[in-house]
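one predicted model, sequence on top.
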Amino acid sequence: MALSPMDVTQFAAVDPARAARMLNEVRSARLSGGRAPVAPRPVIEQSWERVLRSGVDPEHDFRSGLLAPEEVQRRREASVLRHVLPVLREGLLSVADVAHHIMVVADDEGRVLWREGSARVLRKADGLGFELGADWREEVVGTNGVGTPAVTRRPVQVFASEHFVRSQATWTCAGAPITDPRSGRLLGVVDVSGPLETMHPATLAWVDSVAKLAEARLRELHMLTLERLRAVAAPVLARLDGRALVADRDGWTAAVTGMPYLDRVTLPKSPTAGPRWLPALGACTVEPLGEGWLVRAAEEPVPQGSVRIVLDLGQPRRWSVRVLGGAEAWVRELSPRHAELLYLLAVHRAGRSASGLAEDMFGDPARTVTVRAEMSRVRRYLGAYLEHRPYRFCEDAEIEVVLPDDPRDLLPHSTAPAVAERRASLPAP
């Protein structure tokens, strides 16, 4: 009887050599169109499908040019991840070195910026092209513990021939994405890798927990930044009449006066001083203040008129919502979950209840708490154009959805039943 994908994962921890042989048969069967002895895990099978469409050669590795050392250093200095390296090192390196692993930290473009750990394993990684400055995006080097978590936005363990490219089949890796708690933007991936014999089923949970500690540290640093900005804002706001707030460069509010507190206000990507129209406040004047912005609301709200909302899902991992209306257009990048929710609302213009969205997202209408929490976050920046009971876009808003050329690239990370059904129903190019 064929093993299930979960059985294979556990089997690999008990007998890695035998599991590696079995996965090599699975990979060979998948590439040749034959019958596999074991079903690949869904996350691996979906990755293989993406990689096949990208044209990666499964039998020959491809190594794009390494970044120059000066460029690696420039990216390190510009990356927010530099602030959490102590957390990653403390959580991973002491165990990784003993267990013959290495820790790799890559940026949001899949470029390896830091590598540390077992010297012997580092030398083996060099032979795979897993070097400083290397490009380990999934569409460049196939399924792997750096590129695949960046696409799926969730932790992924890749063992032996679950790697798409044959030369990586002697390797095991577990990677977890690190996202910016201020914006939800992907900052990069932390990965623990090593030879096959170092495989352990708990490695993925270990790496994911350390990645979450890193994100918690970033939240702490963000709170400290807001506190400093709040101290600068207090005397300024005390002298003002009317509605005003001070927000950091990502729109998180440090202090308000004359109005209810807002957690966050949507600012243009590159705000400049002067008159602006912001979704939560209408007509405003924006001025730089410290490391943020002073936003002064007009006394009389300006009518918004008709609005056009463009949900752009055409580019992999670059989903966004753009609002065209009022005095100024604005755009916001979307997390994978918010891209799913807004796509479902665009498909169901009549609206969906919380239980309906829960069934669409999870196949379980009882998971309304999760849906309501996510919709609450969506409403923080798009609330002026959303209604609830049921959740839907405002009737007078014109909604446009930009889809990818290949329907299989529609939110490829998504396992939501309703999204998967729509993806399958779209005509092939």
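Arrived safely. Numbers count the residues shown, from 1 in each chain.

hang on, residue 37 packs against residue 25?
Yes: when contacts are counted by C-beta atoms under 8 Å, residue 37 is listed as touching residue 25 (5.5 Å). All C-beta spots, glycine's among them, are computed from the backbone N, C-alpha and C.

which strands or helices does the lengthiest helix in the chain pack on?
Counting residues, the longest helix found in the chain (DSSP state H) is helix 203-238. Where contact means 3 or more C-beta pairs under 8 Å, 6 or more residues apart in numbering; DSSP states H and E, helix 203-238 is packed against helix 85-88, strand 156-159, strand 171-179, strand 186-195, strand 244-248, strand 253-257, strand 282-289, strand 292-297.

for the first one, the distance to its chain's centre please.
Just to be clear, that refers to helix 85-88. Helix 85-88 sits 20 Å away from the centroid of its parent chain (C-alpha atoms, centre = their mean, to the nearest Å).

which residues sit against it?
With contact meaning C-beta atoms under 8 Å, 6 or more residues apart in numbering, helix 85-88 is reached by 103, 105, 114, 190, 210, 213, 214, 217.

quick one: which of those is nearest to residue 45?
Checking those against residue 45 by C-beta to C-beta gives residue 190 as the nearest, at 24.3 Å.

what about residue 316, how many residues nearby?
A count of nearby residues for residue 316, using other C-beta atoms under 10 Å, gives 16.

mind showing which ranges of this protein have poor pLDDT?
For the chain, the stretches with pLDDT under 70 are 1-14, 96-99, 299-306, 325-329, 429.

residue ranges of the helices in it, please?
Going by DSSP H, the chain shows helices at 5-14, 16-32, 42-54, 69-78, 85-88, 94-98, 119-127, 138-141, 147-152, 203-238, 336-347, 354-362, 368-382, 417-425.

got the contact list for the last one?
Same thing as helix 417-425. Residues from elsewhere that reach helix 417-425 (C-beta under 8 Å, 6+ apart): 340, 343-344, 347, 359-363, 407-408, 410-411, 414.

try 6 Å this time
Residues outside helix 417-425 that contact it (C-beta atoms under 6 Å, 6 or more residues apart in numbering): 340, 344, 360, 363, 407, 410, 411.

and the two most separated of these?
Maximum pairwise distance in the contacts of helix 417-425, criterion C-beta to C-beta, is 21.0 Å, between 363 and 407.

my understanding was that residue 175 contacts residue 146; is that so?
Yes: here residue 175 reaches residue 146: they are 5.4 Å apart, a contact under C-beta atoms under 6 Å.

overlap of the contact sets of these two?
189, 191.

gap between the closest residue to residue 184 other than its chain neighbours and residue 49?
Excluding the flanking residues, the one nearest residue 184 by C-beta to C-beta, 6 or more residues apart in numbering is residue 335, at 4.2 Å. Applying C-beta to C-beta, to the nearest Å, the value for residue 335 to residue 49 is 23 Å.

tell me who's in contact with residue 56.
residue 142.

from residue 147, how far off is it?
Between residue 56 and residue 147 the computed distance is 10 Å (C-beta to C-beta).

just to revisit the earlier point, taking the contacts of helix 85-88, please make a ChimeraX selection of just the buried ones.
To isolate the buried members of the contacts of helix 85-88 in ChimeraX, using 16 or more other C-beta atoms under 10 Å:
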select :103,105,114,190,210,214,217
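
from what I can see residue 297 touches residue 283, true?
No: here residue 297 lies out of contact with residue 283, judged by C-beta under 6 Å, at a distance of 7.4 Å.

re earlier: so which of the contacts of helix 417-425 comes closest to residue 169?
With C-beta to C-beta as the yardstick, the closest approach to residue 169 among those comes from residue 411, at 29.3 Å.

extract the CA atoms of stretch 133-145 and return them as CSV.
Taking Å, rounded to 0.1, in the frame of the first residue of the first chain, the C-alpha atoms of stretch 133-145 are listed here in CSV:
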residue,chain,number,x,y,z
GLY,A,133,25.4,36.5,-2.8
ALA,A,134,23.8,33.5,-4.6
ASP,A,135,20.3,33.7,-6.0
TRP,A,136,18.1,31.0,-4.5
ARG,A,137,14.7,32.0,-5.7
GLU,A,138,12.5,29.1,-6.6
GLU,A,139,12.2,30.1,-10.2
VAL,A,140,16.0,30.1,-10.5
VAL,A,141,17.2,27.0,-8.6
GLY,A,142,14.0,25.0,-8.1
THR,A,143,12.2,23.9,-5.0
ASN,A,144,14.4,24.7,-1.9
GLY,A,145,14.2,25.9,1.7
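
show residues contacting it.
Contact with stretch 133-145 is made by 47, 51, 54, 56, 64, 66-67, 72, 110-112, 146-148, 151, 158, 163-165, 173-175, 191, as judged by C-beta under 6 Å, 6+ apart.
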